[in-house]
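Q: fold the following and give me the result.
(one chain, ligands or ions: 1)
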Amino acid sequence: MPELPEVETTKRGIEPYLENQSITNVLVRQKSLRIPFNDNLNKHITNVKIKNIKRRAKYIVINFVNGYSMVIHLGMTGNLRASQQEKFLKHDHIVFSLESGNSLIFNDVRRFGLIQIYKTKDSFYLLDNNGPDPFDKEADADYLFNRIKNSSASIKSILLNHKIISGIGNIYASEILFNTNISPLRMGKDISYEDCEKILHQSKLILKKAIKAGGTTLNDYFNAESKPGYFKIQLNVYGKEGEKCPSCESKISKITQNNRSTYFCKESQN
Ligand SMILES: [Zn+2]
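A: You can find the predicted model right below:
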């Protein structure tokens, strides 16, 4: 599943192709995505200058100067590529032709992704369900501490709760908690203000590393052949059950929380 670093990399990858452009035509080859593409609103985004491209959580938002926006989510297997090709690949569902002669192509094997057009001021309900991601200014220690100080949910499940904080995938959650020496089992109410600072700091550090790693694989990614997943970063604990902990002599444990695997060191994290 594309995680925040890949979505950010995709956004940065398509941005140069969309700047100062307008969409001249929308070709819908398959509209039944996770939510059917509302191409009845196409006229609002066609021949209108693109104002900017943003990322919010795992959504890419293209804003137009006329007060309309288009949101794109990559779902499980979606990807976007800018291309001049006229022959389409299997699973190329929506093709946006640009003034420049390039096209922005949405490809999605499993069709769990989505594209929706909406009035910018009305926003889009799935975007509104997302809490800030670690890079957002509002996601500071005050925010996190206040959101979790009464919670009896585990900090691991809190980090995966996109309503509280978005964009932290399962692998990154284990790594963030290892780097902060916090047990994934500790409850939200037992997480101190200082812990919140550490968690946010490590979240940004790890996601930045992954975005950087993504930068080096961008060309492959745009071949549309690569499988979306996690960018390769050096992992300390995830997937390393039974191996020696990088900071002590103990072995790394694996447990299941909310049906997701968690890896951690019982000695180093408490
Ligand atoms: Zn350890």
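
Q: in stretch 201-217, what counts as buried?
A: Neighbour-count burial for stretch 201-217 flags Q202, S203, I206, L207, K209, A210, I211, A213, G214 (criterion: 16 or more other Cβ atoms under 10 Å). From N, CA and C alone the C-beta is placed, and that goes for glycine too.

Q: stretch 2-15 too?
A: For stretch 2-15, burial by neighbour count (16+ other Cβ under 10 Å) applies to 2-11, 13-15.

Q: now it - C-alpha only, CSV.
A: Below are the C-alpha coordinates for stretch 2-15, written out as CSV (Å, rounded to 0.1, in the frame of the first residue of the first chain):
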residue,chain,number,x,y,z
PRO,A,2,1.4,3.4,-0.9
GLU,A,3,2.3,5.2,2.4
LEU,A,4,2.9,8.9,3.1
PRO,A,5,6.4,8.9,1.7
GLU,A,6,5.3,7.5,-1.6
VAL,A,7,2.4,9.8,-1.9
GLU,A,8,4.7,12.7,-1.2
THR,A,9,7.2,11.4,-3.8
THR,A,10,4.4,11.0,-6.3
LYS,A,11,3.2,14.6,-5.6
ARG,A,12,6.7,16.0,-6.1
GLY,A,13,7.1,13.9,-9.2
ILE,A,14,3.9,15.1,-10.9
GLU,A,15,4.1,18.7,-9.7
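
Q: before we move on, the earlier item: can I get the buried residues of stretch 2-15 in JSON lines with distance to the ion and pLDDT?
A: Below are the buried residues of stretch 2-15 laid out as JSON lines (distance: Cβ to the ion, whole Å; pLDDT from 0 to 100):
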{"residue": "P2", "distance to the ion": "31", "pLDDT": "83"}
{"residue": "E3", "distance to the ion": "25", "pLDDT": "86"}
{"residue": "L4", "distance to the ion": "27", "pLDDT": "91"}
{"residue": "P5", "distance to the ion": "26", "pLDDT": "89"}
{"residue": "E6", "distance to the ion": "30", "pLDDT": "88"}
{"residue": "V7", "distance to the ion": "32", "pLDDT": "91"}
{"residue": "E8", "distance to the ion": "31", "pLDDT": "92"}
{"residue": "T9", "distance to the ion": "32", "pLDDT": "89"}
{"residue": "T10", "distance to the ion": "35", "pLDDT": "90"}
{"residue": "K11", "distance to the ion": "36", "pLDDT": "92"}
{"residue": "G13", "distance to the ion": "38", "pLDDT": "88"}
{"residue": "I14", "distance to the ion": "41", "pLDDT": "91"}
{"residue": "E15", "distance to the ion": "41", "pLDDT": "92"}
